[in-house]
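> return atomic coordinates for the entry below.
(one chain, ligands or ions: 2)
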Amino acid sequence: MTQSIALPAHASYQAALQRQNSLTKPAGSLGVLETVACRFAAWQGQTIPAALTPAITVFAGDHGVTAEGVSAYPSIVTGEMVKNFAAGGAAICVLARAIAARLEVVDVGVLGQLPDLPIVHAKVAAGTANLAVEAAMSTTEVEAALEVGRTAARRAIEQGANLLIAGDMGIGNTTPSAALICRLANLEVDLIVGRGTGIDDAGLANKRRVVAQALQRLQGQQLSGTQVLAELGGLEIAAMAGFYLEGAAQGVPSLVDGFIASAAALAARAIDPAVAAWLLASHRSEETGHRLALEALGLEPLVELGMRLGEGSGAATCVPLLQLAIKLHAEMATFAQAGVTEKD
Ligand SMILES: Cc1cc2ncn([C@H]3O[C@H](COP(=O)(O)O)[C@@H](O)[C@H]3O)c2cc1C
Ligand SMILES: O=C(O)c1cccnc1
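Ligands and ions are numbered 1, 2, ... in the order given. Have a look, this model is predicted:
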């Protein structure tokens, strides 16, 4: 049995809020930066949270649904990008270096063999089946992929991470993500399915048909979170869900990236609703439906930058903001310390 997820420390949140209100600024004037600092206080169980030590894990997997022509790129790009991650040339590599985050890449389901790369080799299957016509995975495969994610989170935490970021790489994965969001948040296909890597209007219509067909297969069926992942998910998406669940169980929050990460977060919540209190949204992706997915998660994005890349890139970009929030909280003088007169 996996460890249960505790609530963040409410008393530390309250103490941090009290500190915020004693700092030399009009109460509330640092906006979301104040709330963020208080949330880290609650997650870490201390009034003044420690500086962030972020870790990024990118999970890679392929998707049988690409046979339906749902992506602007071919599946081979997934493995090619994994090589690019290993060589340090992808966007997430640059961002990880810039924020001094540990970066790990995990093959949980890439189609081809990836020998000799300095990545974690944890392939559960060589891609998923076509979710338009059958279950993408077996529940046994989902359990294995969840465990790959859990193990990666444990590794990151053991090595000192106090903030987790899950990234995705998997050509076609906006399709399973859209299907998961529709099913788990009970949302209309047309509101959620978007252009992913950049399909045209005909491609979008086809992608909507594919997602609608997949959802249709399951209509009227009562399914657990694991079963929904098996039917509609992906290996890297299941691993990301496991990563969030383990982080929460270990008392370490996760910063959620874009559309795919939000689908994984919804899947994690379907498995254990307590995970939600350990999630922080980063950016709002350009991908259609991300706004509604975040709303379904009860998360408010920090920024909107027009990004739609995945890999954990939106989350990594937000880390400096979080660092600033904590630094302000830790280092600003109080009214008493600075001899500044408080509000009447
Ligand atoms: C070169 C390249 C690098 C990427 N890095 C992330 N993605 C992102 O785009 C893909 C999802 O979009 P769709 O569902 O339309 O295929 C995923 O691989 C996701 O990680 C990339 C896509 C490409 C082409
Ligand atoms: O929001 C995302 O994560 C996203 C959007 C499009 C393509 N890849 C990722």
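> point me to the helix or strand that includes the residue in the chain that ligand 1 sits nearest to.
For the chain, the residue closest to ligand 1 is Gly196, as judged by CB to the nearest ligand atom, at 2.3 Å. C-betas here are computed from N, CA, C, even on glycine. Under the criterion DSSP states H and E, no helix or strand holds Gly196.
> relative to Thr57, how far out is whatever residue of the chain ends up closest to ligand 2?
Proximity to ligand 2, evaluated over the chain using CB to the nearest ligand atom, is greatest for Gly258 at 2.5 Å. For Gly258, the distance to Thr57 equals 15 Å [CB to CB, to the nearest Å].
> more neighbours: these two, which one.
Higher neighbour count among Gly258 and Thr57: Gly258, with 31 against 25, using other CB atoms under 10 Å.
> residue contacts, Ser313?
With contacts defined as CB atoms under 8 Å, 6 or more residues apart in numbering, Ser313 is in contact with Ala91, Ile92, Leu95, Gly167, Asp257, Gly258, Met307.
> in strands only, show me those.
Gly167 (DSSP state E).
> would you list the contacts of Ser313 in TSV and tack on distance to Arg269 and pLDDT?
TSV is the format used below for the contacts of Ser313 (distance: CB to CB, whole Å; pLDDT from 0 to 100):
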residue	distance to Arg269	pLDDT
Ala91	27	99
Ile92	24	99
Leu95	26	99
Gly167	19	99
Asp257	16	99
Gly258	17	98
Met307	23	98
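> which one (most neighbours) among the contacts of Ser313?
Going by other CB under 10 Å, Gly167 tops the contacts of Ser313 with 34 neighbours.
> bridged to that residue, which residues?
Val58 (DSSP bridges).
> contacts only, for the residue of the chain closest to ligand 2.
His283, Ser285, Glu287, His290, Met307, Arg308, Leu309, Gly310, Ser313, Gly314.
> quick check: closest non-adjacent residue to it.
Ser285 (3.5 Å; CB to CB, 6 or more residues apart in numbering).
> up against ligand 1, what does the stretch 51-200 of the chain have?
Counting by CB under 6 Å from any ligand atom, the residues of the stretch 51-200 of the chain close to ligand 1 are 71-73, 77, 81, 168-175, 196-197.
> now, which of those residues sits nearest Phe335?
Nearest to Phe335 out of these is Asp168 (CB to CB; 45.3 Å).
> in space, what's closest to the closest one - neighbours in sequence excluded?
Asp168's closest residue in space is Ile260 (CB to CB, 6+ apart), at 4.3 Å.
> tally of neighbours for that neighbour?
33.
> which strands and helices sit next to the helix or strand containing it?
Take DSSP H and E as the rule and Ile260 turns out to sit in helix 259-271. Applying 3 or more CB pairs under 8 Å, 6 or more residues apart in numbering; DSSP states H and E, one finds that helix 259-271 makes contact with strand 163-169, helix 174-185, helix 225-232, helix 235-249, strand 254-256, helix 290-297.
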